[in-house]
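Engineer: next one to model:
(2 chains)
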Amino acid sequence: MTDEVAGGGLLARYILTRRHIRSSNDTVKPEAFMPHPYIDLSVTRHKGITVDQLWSHGRSVAEQQSKTLYGRSDIDSSDVMANKLTVQSDPTPENPNHANILGWSGVKSEQKLVALELAKKASKIIYP
Amino acid sequence: MFAYAPPPEFPSLEYHQPVTFGVSREAQFIKESLGSMFVNRANTQVFGSGIRSALMELAEIQDECSIANWDGYNALPLQTNSLEYAKRFLAFLPIGIEAPAVSIEPDGEISFEWYRSASRILSVSFGSSGEIHCAAIIGARRFSLSEPIGDSLPSYIASSIREITSRS
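Structural biologist: So this is what the prediction gives:
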């Protein structure tokens, strides 16, 4: 069962490729916040879990995908919603805090601009 | 959506030749001259270093991202046509315009980025069918648009790059 996440709260986007990090200043590139060609962007809510649990979910995602967990970038859900997107909880057996960012434009250039806006508000890379 | 044909077969050049749609002798002469100028420029120490760096990044991305799921979120593999259009676009950049940082998007399209901060950024990506997708934040201004790639650097992109990379 899913429901829309109301109010604020931090969301973590796990970074599983070095291509999404600017090594010059540890910022995260907009590409990390683009769902295209899909319609949802996978994130994990901070709410109700410890930092250790947050990293544990990240390691689990990386392990499932046979990738390296480079870190995470946090963004406040209010910044997501300010861009006319919604955050919908989508718990999985491994990650009860899993959520999706939905409501993306089908026009790629518009999606890119929203990704620029999200990357502007998101935290620098936080290393595990 | 653009009704553009797939790009023609490109020769396997290290540097990409500008493409014109002309078929006359004069058009071929201009094409060859521009291609030669681009190769010569890319080989120079001062004007070519950014271009060489971008070409190296493109080669690295080709190595790393040609298989699906390179980002851990089921990204599509690098789109070969997008890579070719990106190389073509590099040849459009005149002397005095900074070369971009190179990246790849989850749909497998190459993107070029001119970045000074999150408030001074231009991103241009290359669709497989010959379109460019642009988005920029320059101070309080924002824009996004898609259009066919054409055969020269669009003036709004040139002015945006200058605005982003200027020292002021």
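
Engineer: CA only for contacts and neighbour counts going forward, please
Structural biologist: Fine.

Engineer: for the chain, just list every one of the strands.
Structural biologist: No chain was given, so I picked chain A. Here chain A has its strands, by DSSP state E, at A:10-15, A:21-22, A:27-28, A:41-45, A:71-76, A:86-89, A:98-102.

Engineer: um, chain B though
Structural biologist: B:101-104, B:110-117, B:120-126, B:131-138, B:141-148.

Engineer: if we can go back for a sec, now the strands of chain A in a markdown table, with mean pLDDT, distance to chain B and mean neighbour count?
Structural biologist: Converted to a markdown table, the strands of chain A look like this (pLDDT from 0 to 100; distance: least, CA to the nearest CA, whole Å; neighbours: other CA atoms under 10 Å in any protein chain shown):
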| stretch | mean pLDDT | distance to chain B | mean neighbour count |
| --- | --- | --- | --- |
| strand A:10-15 | 98 | 8 | 24 |
| strand A:21-22 | 97 | 10 | 18 |
| strand A:27-28 | 98 | 9 | 23 |
| strand A:41-45 | 97 | 8 | 23 |
| strand A:71-76 | 98 | 13 | 22 |
| strand A:86-89 | 96 | 18 | 21 |
| strand A:98-102 | 97 | 12 | 22 |
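
Engineer: export those to JSON lines and tack on distance to B:F126?
Structural biologist: Below are the strands of chain A laid out as JSON lines (distance: least, CA to CA, whole Å):
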{"stretch": "strand A:10-15", "distance to B:F126": "23"}
{"stretch": "strand A:21-22", "distance to B:F126": "20"}
{"stretch": "strand A:27-28", "distance to B:F126": "21"}
{"stretch": "strand A:41-45", "distance to B:F126": "21"}
{"stretch": "strand A:71-76", "distance to B:F126": "26"}
{"stretch": "strand A:86-89", "distance to B:F126": "28"}
{"stretch": "strand A:98-102", "distance to B:F126": "24"}
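
Engineer: by mean pLDDT, flag the weakest helix or strand of chain B.
Structural biologist: helix B:25-42 (a mean of 67; mean pLDDT, DSSP states H and E).

Engineer: so where is chain A shaky, pLDDT-wise?
Structural biologist: The model of chain A has pLDDT under 70 over residues A:1-8.

Engineer: contacting residues for the residue of chain A most remote from its centre?
Structural biologist: Largest separation from the mean C-alpha position in chain A: A:S24, at 21.4 Å (CA atoms, centre = their mean). By CA atoms under 8 Å, 6 or more residues apart in numbering or on different chains, A:S24 lies in contact with nothing.

Engineer: same thing with A:V43?
Structural biologist: A:L11, A:A12, A:R13, A:Y14, A:H98, A:A99, A:N100, A:I101.
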